[in-house]
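> when you get a sec, could you give me coordinates for this:
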Amino acid sequence: MSKFVDIQIDPGIVKRAARGDVRAHEIIYRAFGTPVYSICLRFTRVPAHAEDLLQETFIEIIRSIGNFRGDAPLGAWIRRIAVSKSLMFLRSAWHSRGQSLDDDWEEFMPGKADGAARQSTTENAIDLDAALASLPAVSRTVVWLHDVEGYTHKEIAELMGKTESFSKSQLSRAYLRLRPLLDAEADSAVPTTAKYDSCNATN
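Take a look at the predicted model:
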């Protein structure tokens, strides 16, 4: 789980923000700006795109915070907006090229990714970020949402406008791609997350 839900904001600040208080908006931005940027960068891999999505996310937060009822932590609500904006960006990028999310893996070029992975390897070991970077964008997004952010396949399907089977398939393919990379890391005695080796996509 990311740090979103660990960030505490006084309910009074949220109420002030809902009334249009600029100072309250700044407090929320300072509290959540970094994690929002980080999650957008995870999905896009391009800092300029992540910056744009950061701004779009906070525009939406300011516009919609009056509808926030506090049924869930503010961070969880903001995280969902950031994820939605990132997924909208991915969909628009695919549509502009006449593709759909389903085409993501077919476009994947293993040779190119393997080269990038080798550049990030020290004595046959790579870190998790480098491993994820070797995946196609949509598969990387599903892995991040499921294994790091804690979304279920049902929630991922709703966010991406796809089926649960699509989410599970993308995760299984990603695990198959990640397994040899993370096995190499384990062999060099660098601790790694066991769930990527389990190929467990049962949520």
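> which residues are in contact with stretch 56-70?
The contact list for stretch 56-70 (CB atoms under 8 Å, 6 or more residues apart in numbering) reads 11, 14, 17-18, 25, 28-29, 33, 36, 40, 74, 77-78, 81-82, 85. Every C-beta, even on glycine, is put in place using the N, C-alpha and C of the backbone.
> again, only using 7 Å
Contacts with stretch 56-70, where a contact means CB atoms under 7 Å, 6 or more residues apart in numbering, come from 11, 14, 17-18, 25, 28-29, 36, 74, 77-78, 81-82, 85.
> now do the end-to-end distance for that stretch.
22 Å (CA to CA, to the nearest Å).
> stretch 15-28 too?
12 Å.
> now name the helix or strand holding the closest residue to K3 other than its chain neighbours.
Nearest residue to K3, sequence neighbours excluded (CB to CB, 6 or more residues apart in numbering): P35, at 5.4 Å. Using DSSP states H and E, P35 sits within helix 22-44.
> now that helix: buried residues?
24-25, 27-28, 31-32, 35-37, 39-44 (16 or more other CB atoms under 10 Å).
> repeat for stretch 9-16
Buried residues in stretch 9-16, defined by neighbour count with 16+ other CB under 10 Å: 9, 13-14, 16.
> got it, and stretch 149-158?
149, 151, 153, 155-157.
> min pLDDT across the residues you listed, which one?
The lowest pLDDT within these belongs to E149, with 82.
> for I59, see how far away it is.
In this view, E149 and I59 are 22 Å apart by CB to CB, to the nearest Å.
> now, which of the contacts of stretch 56-70 sits nearest K162?
Of all those, K85 has the smallest distance to K162: 17.5 Å, by CB to CB.
> buried set for stretch 68-85?
Across stretch 68-85, burial judged by 16+ other CB under 10 Å covers 68, 74-75, 77-83, 85.
> model confidence over that stretch, on average?
Stretch 68-85 comes out at a mean pLDDT of 90.
> so can I have CSV of the buried residues of stretch 9-16 showing secondary structure, pLDDT and distance to A131?
Below are the buried residues of stretch 9-16 laid out as CSV (DSSP: H, G, I helix; E, B strand; the rest coil; pLDDT from 0 to 100; distance: CB to CB, whole Å):
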residue, secondary structure, pLDDT, distance to A131
I9, coil, 93, 34
I13, helix, 95, 38
V14, helix, 95, 37
R16, helix, 96, 43
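> ok, so of these, who is nearest E51?
I9 (22.8 Å).
> which phi and psi does the closest residue to the closest one other than its chain neighbours have?
Residue nearest to I9 in three dimensions, not counting chain neighbours: L74, with 5.3 Å by CB to CB, 6+ apart. Per-residue torsions, L74: phi -60, psi -40 (degrees, to the nearest 10).
> packing partners for the helix holding P35?
helix 11-18, helix 47-64, helix 74-96 (3 or more CB pairs under 7 Å, 6 or more residues apart in numbering; DSSP states H and E).
> isn't A137 right up against F89?
No - using CB atoms under 7 Å, A137 is not in contact with F89, being 9.9 Å away.
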